[in-house]
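> Structure, please.
(chains A and B)
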Amino acid sequence: MTEQAPVSQNTEQVAAQPAVAQMKDDSYLLEVNNLKMYFSITSGIFARVKGFTKAADDVSFFIRKGETLGLVGESGCGKTTIGRCIARAYEPTAGEILYRLADDSVVDLAQLKGKDVRPYRKDIRMIFQDPYSSLNPRMTVFELVSEVLKVNNLVRPAQMKDRVEYMLERVGLRPEYMQRYPHAFSGGERQRIGIARSLITDPRLVICDEAVSALDVSIRAQILNLLEELQADFDLTYLFISHDLSVIRHICDRIVVMYVGKVVEVANGLELYTHPKHPYTEALMSAVPISNPRVRNRESRIRLHGEVADPSNPPSGCYFHPRCQYAQDICASDEPALRELDGNRFVACHFAEELDLRGAAMED
Amino acid sequence: MSETLIKVTDLKIHFFTDEGVVRAVDGSDLTVERGRTLSLVGESGCGKSVACRSLLQIVHSPGKIVSGEIMYHRSMGNGLDEVIDIAQLDPKGKQIRNIRGKEISMIFQEPMTSLSPMYTVGNQIVENIQLHTDKTKKEAHALAIELLDKVGIPKPGRLVDEYPFRLSGGMRQRAMIAMALSCNPNMLIADEPTTALDVTTQANILDLMLDLQRQYGMALLFITHDLGVVAEIADDVAVMYLGKIVEKSDVDTIFNNPQHPYTQALLRSIPKVATRREELDPIKGMVPNPYRRPEGCPFHPRCAKAFSECRTIVPSVTHLGENHTVQCLLYEDLSDKKSMEQSL
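All right, here's what the predicted structure looks like:
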């Protein structure tokens, strides 16, 4: 790998880094380092590669055991791509995805090929956005939920029914409905089926990709509560991908903000909302609609001009500089690296220390 | 100060399907004032879109306006109003076609599906202008460019001849707005116009709509299920549940002093930015199957404050304040209704 440092002179460090990968901290469940996922753009009948869409470019973050990490950003910023790389639905172009197993050993998921990924599929599961298209209409609920157990030989056939029944009950569905097809269920119930399908393998990390975005407000609240309840009961760690900032605020401990394939800021929930350090985060926070008409203040809102940059042809320097109201010359030429400010806070902006940015308006 | 533009009284729109009759809108009253923003909120399937479509007579079959009035106060220019009952007009008639797209226009949720992929953006705007005015093609084209510029599309002279697929979601919605504004309407109906957009784009589109409203003085009927958006832009709010307007008031009252249990529950179920609460307080159950409407108050199976009468008596409109109405038995004097029931 290109990112790896040349053999160090320091013998101590060599000894501390054996062939098996190591994480920076024992509390991490997952550590993503310099992850890149490029999709090639081809043209002509010979499919000549004419460029790359950099859906994820040099992305680094970590997830602690038992926490909920939020991943926010506008559509097309690479949130879903990162989720899929971690679940190994995609093979990353470069970078590391270090994952800590139950026995504390660490494996780099990005290096695994073909069949080697399989053992981890039951550990890292996904919940999808659209409960209508993510369930096969020709399979019954029982078939849908038990499929993964059957494929991976996780449970003996005799116990299959009990296991599915138990899981359905846990997600708030009546086990009697096991033989029905998805069309007989409402959107919220289907999302519960999707959750049962993900949790049936006893996973450790669940990637919720816009899991509540397609649901009505009242159903959304039910599913959010369910997810939190299940997290406590089954000791789950969530990577929660969403573009809805109020949902993210509600469910996440820490939040990663992305813009055009790059991480621009990482912070604790409240800090990110009250004291953003990146101008893009400030603009995002300023755009959140606040559900109290008394704090309505549209005039002071930050209006972002222009469009989100094209990930196949990004601007020079900082990707956000053409839309940034604080941009200076250096922003157009030098790309800011993601750096640590104070504990747990990371930001990719040249002027993070100097800028005094506004947080989101609060309801009361 | 405020002038009525549209007054809807006891509107009923039913869908006659093979499985039965769906009462999508079941006796709703609404008033849209000139130059103000009315927001219609509720969960999916509660009849918001159908109610708004009826104002333009574009309720699709098998839906039908069964009864009720939609009184449209059309300004004659000399300080007098001509009043037309839109509900009585032929959906294909000349009169409604003169109103539709000209005096009242509409924008939809999915900007991709509501623009034709076969024609350029400019063509589609020019079509609407030429349909309603006697401008020449050249003048209409120039006006289209001006409108695109006004809604904040960069390089409108070039984009006017592009097909919709070349535009991003936010740009398409801007083009839709430009088209809707092309004939200087009295009222703009926006059916979830920002639901498919990102927050930053949403904020820009909302700003744009409010700016244009101020400029043109048009009324805005805004349908959404996002209470945050309602709080940001509405003057008045109507909360809908299963075809009925259960509560209606100015925006401040709805958010800070809601009276109907459904409004209260809706507000409790949304996550807030200010506080990270331990648990959200969702409304139990879900919107019932439209073929199996509950008897009595439609909300009673999910209502935390329901009492025995709610199962049998349909609540009627109660006035709580000058502009505040609610349909809930908690606020009604039940003695009359009970005696009526007994006599039946």
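> So which residues of the stretch 1-150 of chain A form helices?
With DSSP state H, counting those that start in this stretch, the ranges of helices along the stretch 1-150 of chain A come out as A:11-16, A:79-86, A:118-121, A:141-151.
> quick one, helices of the stretch 101-250 of chain B?
The residue ranges that make up the helices of the stretch 101-250 of chain B, judged by DSSP H, counting those that start in this stretch, are B:111-114, B:121-132, B:137-150, B:156-159, B:169-181, B:199-216, B:227-233.
> Reformat those helices as a markdown table; add mean pLDDT and distance to chain A.
C-beta coordinates here come from the backbone N, C-alpha and C atoms, glycine included. Below are the helices of the stretch 101-250 of chain B laid out as a markdown table (pLDDT from 0 to 100; distance: least, C-beta to the nearest C-beta, whole Å):
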| stretch | mean pLDDT | distance to chain A |
| --- | --- | --- |
| helix B:111-114 | 78 | 13 |
| helix B:121-132 | 93 | 16 |
| helix B:137-150 | 92 | 15 |
| helix B:156-159 | 88 | 12 |
| helix B:169-181 | 88 | 7 |
| helix B:199-216 | 87 | 4 |
| helix B:227-233 | 91 | 3 |
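> Need the ones you listed in JSON lines (columns: mean neighbour count and distance to residue A:237).
Formatted as JSON lines, the entries for those read as follows, by neighbours: other C-beta atoms under 10 Å in any protein chain shown; distance: least, C-beta to C-beta, whole Å:
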{"stretch": "helix B:111-114", "mean neighbour count": "17", "distance to residue A:237": "36"}
{"stretch": "helix B:121-132", "mean neighbour count": "20", "distance to residue A:237": "46"}
{"stretch": "helix B:137-150", "mean neighbour count": "18", "distance to residue A:237": "48"}
{"stretch": "helix B:156-159", "mean neighbour count": "16", "distance to residue A:237": "46"}
{"stretch": "helix B:169-181", "mean neighbour count": "25", "distance to residue A:237": "33"}
{"stretch": "helix B:199-216", "mean neighbour count": "19", "distance to residue A:237": "26"}
{"stretch": "helix B:227-233", "mean neighbour count": "24", "distance to residue A:237": "29"}
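> Please name whichever of these is nearest to residue A:222.
Evaluated over the helices of the stretch 101-250 of chain B, closeness to residue A:222 peaks at helix B:227-233, with 16.5 Å, by C-beta to C-beta.
> other SSEs contacting that closest one?
Packing partners of helix B:227-233 (3 or more C-beta pairs under 8 Å, 6 or more residues apart in numbering or on different chains; DSSP states H and E): strand B:37-41, helix B:199-216, strand B:219-224, helix B:251-256.
> quick one on the thing from earlier: for residue B:64, which of the helices of the stretch 101-250 of chain B is the nearest?
Across the helices of the stretch 101-250 of chain B, closest to residue B:64 is helix B:111-114 (C-beta to C-beta), at 23.5 Å.
> JSON lines for the helices of the stretch 101-250 of chain B, including distance to residue B:293?
Output for those, formatted as JSON lines (distance: least, C-beta to C-beta, whole Å):
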{"stretch": "helix B:111-114", "distance to residue B:293": "30"}
{"stretch": "helix B:121-132", "distance to residue B:293": "39"}
{"stretch": "helix B:137-150", "distance to residue B:293": "44"}
{"stretch": "helix B:156-159", "distance to residue B:293": "47"}
{"stretch": "helix B:169-181", "distance to residue B:293": "34"}
{"stretch": "helix B:199-216", "distance to residue B:293": "34"}
{"stretch": "helix B:227-233", "distance to residue B:293": "25"}
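> closest to residue A:282 out of these?
helix B:199-216 (11.1 Å).
> contact partners of that closest one?
When contacts are taken as C-beta atoms under 8 Å, 6 or more residues apart in numbering or on different chains, the neighbours of helix B:199-216 outside the stretch itself are A:74, A:243-245, A:283-284, A:286-289, A:298, A:301, A:303-304, B:35, B:37, B:150-152, B:169-170, B:173-174, B:177, B:181, B:184-185, B:188, B:190, B:193-194, B:197, B:218, B:220, B:229, B:232-233.
> go again using 7 Å as the cut-off
Under the contact criterion C-beta atoms under 7 Å, 6 or more residues apart in numbering or on different chains, helix B:199-216 has outside partners A:74, A:243, A:245, A:283-284, A:287-288, A:298, A:301, A:303-304, B:37, B:151-152, B:169-170, B:173, B:177, B:181, B:184, B:190, B:193-194, B:197, B:220, B:229, B:232-233.
> nearest to residue A:322, of the helices and strands packed on helix B:227-233?
Closest to residue A:322 of the helices and strands packed on helix B:227-233, according to C-beta to C-beta: helix B:199-216, at 14.1 Å.
> Assumed residue A:196 was part of a helix.
Yes. Remark: residue A:196 belongs to a helix, assigned using DSSP: H, G, I helix; E, B strand; the rest coil.
> Report the separation between it and residue A:131.
12 Å (C-beta to C-beta, to the nearest Å).
> How about residue A:74?
Distance, residue A:74 to residue A:131, by C-beta to C-beta: 23 Å.
> The residue positioned nearest the centre of chain B pairs with what?
If you average the C-alpha coordinates of chain B and look for the closest C-alpha using C-alpha atoms, centre = their mean, you land on residue B:223, 3.8 Å from that point. Applying DSSP bridges to residue B:223 gives these bridge partners: residue B:40, residue B:191.
> which residues sit in contact with it?
For residue B:223, counting by C-beta under 7 Å, 6+ apart, the contacting residues are B:40, B:48, B:49, B:52, B:190, B:191, B:192.
> Around chain A, which positions in chain B sit nearby?
Contact residues, chain B versus chain A (C-beta under 7 Å from any C-beta of the partner chain): B:43-44, B:168, B:198-200, B:202-204, B:207, B:210, B:225-229, B:231-232, B:251-252, B:255, B:266, B:269-274, B:276, B:279-283, B:286.
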